[in-house]
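# Just the structure for this:
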Amino acid sequence: MHHPTHFTVPAIADIGDAALTARLQHVLDHKTKPLGSLGRLERLALRIGQVLGSEAPQLVQPQMVVFAGDHGLVARGVSAYPSDVTWQMVENFLAGGAAVSVLARQHGLALNVVDCGVARDIAPREAAPGQPRLWLRKVAPGTQDASIGPAMSAAHCAQALANGMEVVRGLPGNALLLGEMGIGNTSVASLLLARLCGVSLQDCTGAGTGLDAAGIARKRAVLEQALAANAHATAPLDALAALGGFEVATMTGAVLQAAAERRVIVVDGFITTAAVLVAARLQPAVLQRCVFAHSSGEPGHALMLTQLQAEPLLDMGLRLGEGSGAALAWPLLQSACAMLREMASFEAAGVSERGAA
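Numbers count the residues shown, from 1 in each chain. Modelled structure (predicted):
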């Protein structure tokens, strides 16, 4: 397999189309309802129509992709759980027992699990129709400890980014739902938020999987060390390599590829939003393709969403990851499309419009 040492960021076109937007708005405004009365569902319908370039958009073969990787930083005690939980949860995804497994089944989402850099070898397996698919794209068995130097080399980061693009190229459909698994990865998201947006670690470091106050203070101290140890890594890809995880880098590549292909990208929580943040710093038009599923219970997530001027659909205090929030929001996207396609206009239904004499 070809291993790139340098990553070339793909071109992501601006898909702003004033004429299409005006047509979509006209369709929405003439449905049998008071103007704007479906609120944010109308804005969601407009967004999906813009991404798919259609006044009657249809979401087909949605793909949930859970990116998994381990983190050297976990040796410093930044998580309430041991690294072994990463590979154990990958097995749980594949066996169908995790939250995201249940929600993907419920909503008809194809489940894909990518080993981006899990610290243990995961056995390849044949995917049967309707069963989760495993993609073995391991760059290395976990990153290095970012508190003493770069988490990954530029070459390893480039490989992860290329892997993410390649996985998306191999997927059918026009919608990508982002999920992740990696003990320690809220630390990565906090570090990327601090470095790329200048937000203080005090404000963006939370409990993750369940640290107490002393644990959060210890985590924050380790993250301060990581920022100091990688002080020169300020450009987006440099910061990603120095501070990131293999799953975040692979997901960033996936986001860039999905955006280039004009797939609807459904963003989950704090960690998946961090990958979108990096992608958007490389190519701002990525954000035109994104639907943000929810605002999580992790304190840094709301700050990150604000930085991206994102409008999350749900606020349910979720802090599980895996893609669980993206899966929960999925029916809202389906409803938005159904409304555009199936709801009658005043004219077609013979219903009088407001102010009609």
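# For the rest of this, base every contact and every neighbour count on C-alpha atoms.
OK.
# Tell me how many other residues surround Met316.
Look at Met316: counted by other C-alpha atoms under 10 Å, it has 11 neighbours.
# actually Asp238, not the one I typed
The number of residues packed near Asp238 is 18, by other C-alpha under 10 Å.
# quick one: Gln58 and Ala336 touch, right?
No: the pair Gln58 / Ala336 is not scored as a contact, 9.9 Å apart, by C-alpha atoms under 8 Å.
# The two - which one has more neighbours?
It is Ala336, of Gln58 and Ala336, that has more neighbours when counted by other C-alpha under 10 Å, with 23 against 19.
# part of a strand, is the more buried one?
No: looking at Ala336 with DSSP: H, G, I helix; E, B strand; the rest coil, it is helix, so not inside a strand.
# And it, how far from Thr32?
For Ala336, the distance to Thr32 equals 15 Å [C-alpha to C-alpha, to the nearest Å].
# repeat for Ala95
Distance check for Ala95 against Thr32: by C-alpha to C-alpha, it reads 45 Å.
# Show me how this structure divides into domains.
What automatic domain parsing lists as the domains of the chain is 18-57+339-349, 63-331.
# Make JSON lines from those domains and add mean pLDDT to it.
JSON lines is the format used below for these (pLDDT from 0 to 100):
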{"stretch": "domain 18-57+339-349", "mean pLDDT": "97"}
{"stretch": "domain 63-331", "mean pLDDT": "97"}
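# so which of the ones you listed is the most packed in?
For these, the largest average neighbour count (mean count of other C-alpha atoms under 10 Å) is found in domain 63-331, namely a mean of 22.
# what's Val139 in contact with, if anything?
The neighbours of Val139, taking C-alpha atoms under 8 Å, 6 or more residues apart in numbering as the test, are 116-117, 156, 159-160, 246.
# Which ones among the residues you listed map onto helices?
If you go by DSSP state H, those have 156, 159-160, 246 in helices.
# Same list (the contacts of Val139) but as TSV, adding distance to Thr252.
Output for those, formatted as TSV (distance: C-alpha to C-alpha, whole Å):
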residue	distance to Thr252
Cys116	12
Gly117	14
His156	14
Gln159	12
Ala160	9
Phe246	10
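# what's the closest of the residues you listed to Ser83?
Nearest to Ser83, judged by C-alpha to C-alpha, of the contacts of Val139 is Gly117 at 11.8 Å.
# Distance check, that closest one against Glu180.
Distance, Gly117 to Glu180, using C-alpha to C-alpha: 12 Å.
# Check Ala119 too.
To Glu180, Ala119 is 15 Å away according to C-alpha to C-alpha.
# Leu243 too?
Shown here: Leu243 relative to Glu180, a distance of 17 Å by C-alpha to C-alpha.
# what's the answer for Ser37, then?
35 Å.
# just His26 next, same as before
38 Å.
# how far out from the middle of the chain is stretch 131-145?
Relative to the chain's own centre, stretch 131-145 is displaced by 17 Å; criterion: C-alpha atoms, centre = their mean, to the nearest Å.
# go on, stretch 241-260?
That offset, for stretch 241-260, works out to 9 Å (C-alpha atoms, centre = their mean).
# same deal with stretch 261-272?
With C-alpha atoms, centre = their mean, you get 4 Å for stretch 261-272.
# Same question for stretch 169-183.
Its chain's C-alpha centre and that of stretch 169-183 lie 8 Å apart, by C-alpha atoms, centre = their mean.
# what's the answer for stretch 293-308, then?
Put simply, stretch 293-308 sits 12 Å off its chain's centre (C-alpha atoms, centre = their mean).
# what's in contact with it?
For stretch 293-308, the external contacting residues (C-alpha under 8 Å, 6+ apart) are 190, 193, 197, 203-208, 266-270, 273-274, 277, 287, 311-319, 325-326, 328-330.
# what pairs with Val114 across the strands?
Counting by DSSP bridges, Val114 forms beta bridges with Phe67, Trp135.
# which residues sit in contact with it?
65-68, 134-137.
# So which residues of this structure form helices?
For the chain, the helices defined by DSSP H occupy 18-29, 39-52, 84-95, 99-107, 154-169, 185-197, 201-204, 213-229, 236-243, 246-260, 270-282, 299-307, 324-342, 346-349.
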